[in-house]
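Q: Provided below for reference: sequence and predicted model.
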Amino acid sequence: MTGTGETVSVGRETAPTLGLASAGETGAARGWKALAGYFASDDPLTGAANRLLVVLLGNQPTYPLFVGWATGEWSPWLVLTMLSTPFFCAVPWASRRYPGIGRLTFPLVGALNGIFCTVVLGRGSGVELFLVPCLVIASWTCPAGNRRLLAVCLAILYGAFVAGRTLPWGPVISFTPDQLEALVSLNAYSAASFSALATWNLWGVPNERRA
């Protein structure tokens, strides 16, 4: 009787455990599949732009840490540089909702983020250098033959640069000259790296909407 009872007890404990593990794995797999599907696209150029977006979203949470490491200033206000994350996450939705044109929400959100981060970190921080990869992405992803749309997008990017350099905003966080020098170096290398990655990723990608 004792042996039978132990066997039944073990069987009852083991079965639910295996079931929960299997369900957990299935849920994780489904979540990953849904996430991958959200950033995927039937349009090659939109898909390439979304891959760049994934790289950006993966690096956004670490940017405040890199700023703190480079400058030695660990202000809690650094988390403000991550406020644009939900807007970047909406880019794939906009690209599906407005094919071709929707891709430009990526560089435009980047431009607005550049202005906002200039307010947070100051005009001498070099944050406006991130407008360079925005310019690269806008140039490669704008539908061909629509020079007016490209002109509007470029005007917005240039306006963001002028606004960041001239308007009397911020900074929310004050840095010493040495800290600003380190911050400019960090932003310059980051902007140059992302510009190179964007060019490499988008160059030569076929797209029917360019015809």
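A: Perfect, thanks for sending it. If you're wondering where the values come from, they're calculated on a predicted model, not measured in any experiment.

Q: name the helix or strand of the protein that has the lowest mean pLDDT.
A: Using mean pLDDT, DSSP states H and E, helix 2-39 stands out as the lowest-scoring helix or strand of the chain, at a mean of 61.

Q: next SSE after that one?
A: The helix or strand immediately downstream of helix 2-39 is helix 44-59, counting by DSSP states H and E.

Q: buried residues in that following helix?
A: 45-53, 56 (16 or more other CB atoms under 10 Å). Placement of C-beta: from N, CA and C, glycine included.

Q: and the helix or strand following that helix, what other elements does it pack with?
A: Moving toward the C-terminus from helix 44-59, the next helix or strand (DSSP H and E) is helix 63-71. Applying 3 or more CB pairs under 8 Å, 6 or more residues apart in numbering; DSSP states H and E, one finds that helix 63-71 makes contact with helix 177-202.

Q: so which bits of the helix it packs on are buried?
A: 179-180, 182-184, 186-187, 190-191, 194-195, 197-198, 202.

Q: same question, stretch 160-173
A: Buried residues in stretch 160-173 (16+ other CB under 10 Å): 160-161, 163-164, 170-171, 173.

Q: min pLDDT across these, which one?
A: Ranked by pLDDT, those bottom out at Gly170, which scores 80.

Q: wait, what's in contact with it?
A: Residues in contact with Gly170 (CB atoms under 8 Å, 6 or more residues apart in numbering) are 118-123.

Q: repeat that for 7 Å
A: By CB atoms under 7 Å, 6 or more residues apart in numbering, the contact set of Gly170 is 118-120, 122.

Q: in three-state terms, label it for me.
A: coil (DSSP: H, G, I helix; E, B strand; the rest coil).

Q: any idea how far it is from Tyr63?
A: 17 Å (CB to CB, to the nearest Å).

Q: for Gly159, same thing?
A: 24 Å.

Q: got it, and Ala48?
A: For Ala48 relative to Tyr63 (CB to CB), the value is 23 Å.

Q: where does this protein dip in pLDDT?
A: 1-25, 206-211 (pLDDT under 70).

Q: how is it carved up into domains?
A: With domains defined by automatic domain parsing, the chain comprises 1-39, 44-204.

Q: what's the most buried one of those?
A: Across those, the average number of neighbours (mean count of other CB atoms under 10 Å) peaks for domain 44-204, which reaches a mean of 17.
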